[in-house]
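Colleague: Turn this into a structure:
(2 chains)
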Amino acid sequence: MTTKPLLKLYKPKIAHFARLKNPRYLLYTLRELSGLFISIYVFLFAYQLSQLVWGPTAYQAITNLLQSPAFLAFDVVVLLFALLHAITWIDLNTLVIPPIKIGKMRIKHSMLLGAGILLWLIVSGVVAMLIL
Amino acid sequence: MAAEDETRIEPILWGLFVAGGMIALLIPIQILLVNIATALGLIQPQTFDYDHMLNLVRNPITKLYLLVLICGPLIHGMHRFRHTLYEWGLKGWGELVGVFCYGAALSGCGLAAYVLLTLH
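Modeller: Numbering: from 1, shown residues only, chains lettered A, B, ... in the order given. Sure, this is the predicted structure:
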């Protein structure tokens, strides 16, 4: 009497984090993660604003907490992620628009990227002036 | 969620994602001014104290600005994070991931809307 060999289903090993070894994929992953850090920051900002409803003491308490060294370090990390998001987002937008020609001159991608970053800096400056 | 419903909702989510990505361009200046410069003492502390913030938030234009500033990046970020989690192998938990990500985004937007509507 022969026994049937036991069959084992093949389960492929998926290396979900293998991409992190490749610098291009690492940058891609960091860019994707920027959304999470920005979301956490915005959520905290919404919570800080919500304390305005409860009066000066509550608002000052959360403001003092958010200005502590630990949160300052967190803010620096979020700022770096937000800058990565901003530059890669502008870069992506200049890539998806169709080629632009002025006369015989074709506008290069680097020029579009530079113009996009300049426009972003101008808008940021205007917002800063309005806030201050 | 039925596949047909998902097909209908996805373009709207991607549209909000793009809009939120644009609005998120304002986050660096927001962090620099409101958080980092204030904490380091580069801006006078009374710039963002209770009375000044209350006056700012009572302005209808500021209300709209803050609502857009909070909701846009929040929806953008959570939509992006949802797809990151899918790529990290959680696609099988799609509905749970979706509920977590969009639930967080909606709760943040709801909180902001409630605060801005409450403060007159």
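Colleague: check contacts around residue A:27.
Modeller: residue A:88 (CB atoms under 8 Å, 6 or more residues apart in numbering or on different chains). Glycine gets a C-beta too; all of them are placed from N, C-alpha and C.
Colleague: Make sure I have this right: it is in a strand.
Modeller: No - assigned with DSSP: H, G, I helix; E, B strand; the rest coil, residue A:27 falls outside any strand and is helix.
Colleague: so what pLDDT did it get?
Modeller: Residue A:27 carries a pLDDT score of 90 in this model.
Colleague: go on, residue B:4?
Modeller: For residue B:4, the pLDDT comes out at 65.
Colleague: quick check, the host helix or strand of residue B:100 touching chain A?
Modeller: If you go by DSSP states H and E, residue B:100 is part of helix B:94-118. Yes - between helix B:94-118 and chain A, judged by CB under 8 Å from any CB of the partner chain, the touching residues are B:104, B:105, B:108, B:111, B:112, B:114, B:115, B:116, B:118.
Colleague: neighbours around residue A:113, how many?
Modeller: By other CB atoms under 10 Å in any protein chain shown, 16 other residues sit near residue A:113.
Colleague: nope, residue B:47 is what I was after
Modeller: Neighbours of residue B:47 under the rule other CB under 10 Å: 15.
Colleague: Check residue B:53 too.
Modeller: Residue B:53: 21 surrounding residues under other CB under 10 Å.
Colleague: Could you list every helix and strand in contact with the helix or strand where it lies?
Modeller: Element membership of residue B:53 [criterion: DSSP H and E] is helix B:50-58. On a contact count with 3 or more CB pairs under 8 Å, 6 or more residues apart in numbering or on different chains; DSSP states H and E, helix B:50-58 meets helix A:56-66, helix B:60-85.
Colleague: Nearest residue to the middle of chain A?
Modeller: By CA atoms, centre = their mean, the mean C-alpha position of chain A lies nearest to residue A:34, the distance being 2.8 Å.
Colleague: quick one: which helix or strand includes that one?
Modeller: helix A:23-50.
Colleague: who touches the residue most central in space within chain B in this structure?
Modeller: Residue closest to the mean C-alpha point of chain B, counted by CA atoms, centre = their mean, is residue B:74 at 2.6 Å. Residue B:74 is in contact with A:39, A:42, A:43, B:20, B:104, B:105, B:108, B:109, counting by CB under 8 Å, 6+ apart.
Colleague: Now for the second one: which residues touch it?
Modeller: The reference is to residue A:42. So residue A:42 contacts B:27, B:69, B:70, B:73, B:74, B:77, B:108 (CB under 8 Å, 6+ apart).
Colleague: what about burial for these, which qualify?
Modeller: B:27, B:69, B:70, B:73, B:74, B:77, B:108 (16 or more other CB atoms under 10 Å in any protein chain shown).
Colleague: Give the burial count for the residue nearest to the third one when sequence neighbours are not counted, as a bare number.
Modeller: Yep, that's residue B:70 we're talking about. Using CB to CB, 6 or more residues apart in numbering or on different chains and skipping the chain neighbours, the partner closest in space to residue B:70 is residue B:112 (4.2 Å). Look at residue B:112: counted by other CB under 10 Å, it has 25 neighbours.
Colleague: How about the contacts made by residue B:112?
Modeller: A:46, A:49, A:50, B:66, B:67, B:70, B:71.
Colleague: Taking those together, which two end up most distant?
Modeller: A:50 and B:71 (14.3 Å; CB to CB).
Colleague: right, and residue A:51 touches residue A:62 too?
Modeller: Yes - between residue A:51 and residue A:62 there is a contact at 4.7 Å, judged by CB atoms under 8 Å.
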